[in-house]
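K.L.:
sharing a model that was predicted from the sequence below.
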Amino acid sequence: MKIALCGKGGVGKSSLASLLILSFLHAGYKVLAIDADPSPHLARLLEIPQEVTPLAEMMDLLAERAQKSGPYYTLNPKIDDLPEKFAITKDGLRLMVLGAIRTAGGGCACPEQTVLKRLLTYLLLTSKEVVLVDMEAGVEHFGRASVTPMDVLLVITQPLKGSIETTRQILKLAKELGLERVYVIGNKVRTKEQEELLQGEFGDRYLLSFPPDEELERREFEGRGLWTYRGVLFSKAQELREKLTELLHEIT
């Protein structure tokens, strides 16, 4: 089962990704978590004790693997040894922090990004665990079609105009890529009226609402992770896991 989470920046995508990861671990699954966000948070939220450097920041390594020489580089870099070297393990969890490459102009450094994209594809194709990918915010990754190997795409949204507009755009691009299992998850949905707004907007694509939770917000404020969190949102994550398992039963 390969699940990607995306959405507008600030909607709580990484927190919900962490809760879903913990739900799968709690149910006895082995999980490969991949943080592909330029501002990665999964290591912190999953309480990884050691300092973690995203692969996207290891420019010498990426340039070497891309065999970069001036404007030339390989389109088939060696990456199969990188998971063993850089994956972090913890109680049934395997975490790869890829990050994403950014330049001051907002674009990507193509040779190095080629290595990361190939590594992501390799992880998706070879992993025997449940895979959850925390994608970068927004819609840029759709232009690179990096979500196409996923079994399901979860678009995290909030009952706010900007978030809803981004979600519409993601659904449109997903349709253009031929992705069928694309669902919307509402986060910080405070009232029945807000839930009905999202249900009316996204119809059958709307899967579940996550309410706000003071305990989670307090943990965020205090800089604490979610490894031991078992509040109301953990129960919601378990419900989401069960729904996804049902939806993907034919391939799990």
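P.N.:
Right, received. Where do you want to start?
K.L.:
C-alpha only now, for contacts and for neighbours.
P.N.:
Fine.
K.L.:
and the strands in the stretch 51-200 of the chain?
P.N.:
88-90, 93-97, 130-134, 152-157, 182-187 (DSSP state E, counting those that start in this stretch).
K.L.:
dump the ones you listed into a markdown table; add mean pLDDT as well.
P.N.:
What follows is the strands of the stretch 51-200 of the chain, written out as a markdown table (pLDDT from 0 to 100):
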| stretch | mean pLDDT |
| --- | --- |
| strand 88-90 | 95 |
| strand 93-97 | 96 |
| strand 130-134 | 95 |
| strand 152-157 | 95 |
| strand 182-187 | 97 |
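K.L.:
give me the number of neighbouring residues for residue 52.
P.N.:
The local packing count at residue 52 equals 14, with neighbours defined by other CA atoms under 10 Å.
K.L.:
thinking again about what came up before, I'd like the strands of the stretch 51-200 of the chain as TSV, with mean neighbour count and distance to residue 28 appended.
P.N.:
Converted to TSV, the strands of the stretch 51-200 of the chain look like this (neighbours: other CA atoms under 10 Å; distance: least, CA to CA, whole Å):
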stretch	mean neighbour count	distance to residue 28
strand 88-90	14	13
strand 93-97	22	11
strand 130-134	24	11
strand 152-157	25	20
strand 182-187	23	24
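K.L.:
would CSV of these with distance to residue 110 be doable?
P.N.:
CSV is the format used below for the strands of the stretch 51-200 of the chain (distance: least, CA to CA, whole Å):
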stretch, distance to residue 110
strand 88-90, 26
strand 93-97, 19
strand 130-134, 21
strand 152-157, 25
strand 182-187, 28
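K.L.:
give me the neighbour count for the residue lying closest to residue 159 once chain neighbours are set aside.
P.N.:
Distances taken as CA to CA, 6 or more residues apart in numbering put residue 194 closest to residue 159, at 5.9 Å, once the chain neighbours are dropped. Counted with other CA under 10 Å, the neighbours of residue 194 add up to 17.
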